[in-house]
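A.B. asks: need a structure here:
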Amino acid sequence: MSGGLWRRALAEFVGTGLLVTVVIGSGIMAARLSSDPGLAQLENASASAAGLTALILFLGPVSGAHFNPVVSLIDWALDRKTRGGLSGLDLLVYLPVQIAGGIGGAILANVMFALRPVSASSKDRFSGHLWLGEVVATAGLVALIFALARSGRTNLAPAAVGVYIGAAGWFTSSTSFANPAVTIARALSDTSTGIAPGSVGPFVLAQLVGALIGGVLVVLLYPKAVGETGVLVPHGDSESDDPARGVSA
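C.D. replies: Numbering: from 1, shown residues only. Predicted coordinates for the structure are as follows:
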C-alpha cells in the first residue's frame, strides 16, 4: 500500500472512530444529565452535528472524510473513472478501516464513561418505520454530499453535512444512523444510542437502499460534474496525494 493510501486509511480510521465516540459519548452524557428525553435528544444531535463538522474540517483534506461505507461505495460507483474518484483499491481499504475505526470508537466511548469496553446493546430497533427512516436519512446524506461535489460547492461541505446530520436526528424516525460502520459500532454499547445486534442487518440494508436512491437522484439532477469529481476532496492518485488540494465532505 502506498504512503498516500496509508495516510488516507489512517484518516478514515481515526475519523470514523471519533465520530462514533462523539455519538455514543454525547448520548451517554445527555442521558446522565437530562431526565427529559427531548432535551437528551437535542444534546446528542447537536453534539453529533458539531463533532462531525469538526472532523470533516480536520481530516477531509487527507481522505475525503467519508467516515461511512455507503459514501465510499457511491463515490466509487459514480466517479471511479475520474482523477478524483475513489479507486477499487481505495474502496477495499476504506471499508474495513471505517468499520474497525467505528468499533474502536465505541470501545473508547464506553471506557471513557467507566462502562465495560464492549457490551451488546439491548435497544431493539427492529421495525419497518425505522427502516424507512434510515432509507430517507441515508438518501438525503448521499444526495447532499454528491450534489455539493458535482456543483463545485465543496467549501460548504463541513457545515452542510453537519447541519444535515443534526437535523436528520430529529426528522427521521430512526434518529439517522445513515452509516453502516456507525451502526455496527453502536451495537457494541448498551447505552441510549445503541442498537441491538439483531437490528443491525435491516438497518444496514436500509442504508444501502437509501444510498442507491441518493446516488440515482444525484445523477438525474447533476449529470455533469464541475471540475474534478470524487467526494469533496481529492483521493485519486495515491502516489501524488496533496492534502492541500481540497476540502472534505
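A.B. asks: Got the phi and psi for the residue nearest to the spatial centre of the chain?
C.D. replies: Centroid-nearest residue in the chain: residue 68, 3.8 Å away (criterion: C-alpha atoms, centre = their mean). Main-chain torsions, residue 68, degrees, to the nearest 10: phi -160, psi 120.
A.B. asks: separation between it and residue 21?
C.D. replies: Residue 68 sits 15 Å away from residue 21, going by C-beta to C-beta, to the nearest Å. From N, CA and C alone the C-beta is placed, and that goes for glycine too.
A.B. asks: my read: residue 202 touches residue 131, true?
C.D. replies: Yes: with contacts counted by C-beta atoms under 8 Å, residue 202 reaches residue 131, the gap being 5.5 Å.
A.B. asks: host element of the residue with the largest distance to the centre of the chain?
C.D. replies: Most distant from the centre of the chain: residue 35, at 28.3 Å, with distances by C-alpha atoms, centre = their mean. Residue 35 is located outside every helix and strand, with elements delineated by DSSP states H and E.
A.B. asks: In this structure, where is pLDDT below threshold?
C.D. replies: Flagging of the chain using pLDDT under 70 yields the residue ranges 1-3, 81-84, 227-249.
A.B. asks: all helices for it, in order.
C.D. replies: Along the chain, counting by DSSP state H, helices occupy 3-33, 37-63, 69-79, 88-112, 128-150, 157-171, 180-186, 197-221.
A.B. asks: and among these, the most buried is which?
C.D. replies: Compared across these, helix 180-186 shows the largest average neighbour count, a mean of 28 (mean count of other C-beta atoms under 10 Å).
A.B. asks: Summarise which helices and strands that helix is packed against.
C.D. replies: Taking 3 or more C-beta pairs under 8 Å, 6 or more residues apart in numbering; DSSP states H and E as contact, the helices and strands that helix 180-186 lies on are helix 3-33, helix 69-79, helix 88-112, helix 197-221.
A.B. asks: and residue 54, which of the ones you listed is closest to it?
C.D. replies: Nearest of the helices and strands packed on helix 180-186 to residue 54, taken as C-beta to C-beta: helix 3-33 at 8.8 Å.
A.B. asks: Show me what the closest one is packed up against.
C.D. replies: Other helices and strands packing on helix 3-33, by 3+ C-beta pairs under 8 Å, 6+ apart, are helix 37-63, helix 88-112, helix 180-186.
A.B. asks: Run the chain-centre distance for it.
C.D. replies: Distance of helix 3-33 from its chain centroid, counting by C-alpha atoms, centre = their mean, to the nearest Å, is 10 Å.
A.B. asks: and if you look at stretch 58-78?
C.D. replies: Centroid separation between stretch 58-78 and its chain, computed with C-alpha atoms, centre = their mean, is 9 Å.
A.B. asks: Compute the first-to-last residue distance for it.
C.D. replies: 25 Å (C-alpha to C-alpha, to the nearest Å).
A.B. asks: now residue 223: how far from residue 151?
C.D. replies: Separation of residue 223 from residue 151 (C-beta to C-beta): 12 Å.
A.B. asks: what does residue 27 give?
C.D. replies: Residue 27 is 34 Å from residue 151, by C-beta to C-beta.
A.B. asks: ditto for residue 164
C.D. replies: Separation of residue 164 from residue 151 (C-beta to C-beta): 16 Å.
A.B. asks: With residue 195 instead?
C.D. replies: Residue 195 sits 34 Å away from residue 151, going by C-beta to C-beta.
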